[in-house]
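[1] Sequence plus the predicted model coming up.
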Amino acid sequence: MVILHLALLPHQQRQLGQLEYHLQNSIALLEESRKKVTLMESTLMEKRRKKANAFPSALDVQKMRDDNRRMEIDIYLMTREVDGFDCGRSKPLLIMFITIQFSVNKLHLAAISFGNFG
């Protein structure tokens, strides 16, 4: 009986070692899976939040209006400048373009003072 116990003990220790090894691998795999799931959840929540905020804020709308107005004036000035090159009078339009680029607040006033725009 004693010999049986002596042979059984190393066998059980090897099995315990193998079980501990598999347990550590399983824990590492579980932690990695948890990190992936957390990342996927945060990505999904970010997409949902972006989808829920589909409508622009008042500041975004104002910025778009300002940009739109700036582009309208730039197009108008470029058209006038091209027409000025055709007629041989391009210098005043270049000064007007520099004046308009100087200030956002003076943008509308500068365009009105040089033509029927706005």
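    The structure has been received and is ready for your questions.

[2] okay, CA-based contacts and neighbour counts for the rest of this
    Fine.

[3] and Ala58, how far is that from Glu46?
    22 Å (Cα to Cα, to the nearest Å).

[4] When these two are compared, which one has more neighbours?
    Between Ala58 and Glu46, Glu46 has the larger neighbour count (other Cα atoms under 10 Å), namely 12 against 9.

[5] Would you mind listing the buried residues in whatever helix or strand Arg70 lives in?
    Element membership for Arg70 (DSSP states H and E) is helix 58-87. Residues of helix 58-87 classed as buried by neighbour count (16 or more other Cα atoms under 10 Å): 69-70, 73-74, 77, 80-81, 84.

[6] Mind picking the two most distant members of those?
    Greatest spatial distance in the buried residues of helix 58-87: Arg69 and Gly84, 22.2 Å, computed using Cα to Cα.

[7] quick check: mean pLDDT across the helix ranked longest in the chain?
    What stands out as the longest helix in the chain, according to DSSP state H, is helix 2-52. Per-region confidence: helix 2-52 scores 87 on mean pLDDT.
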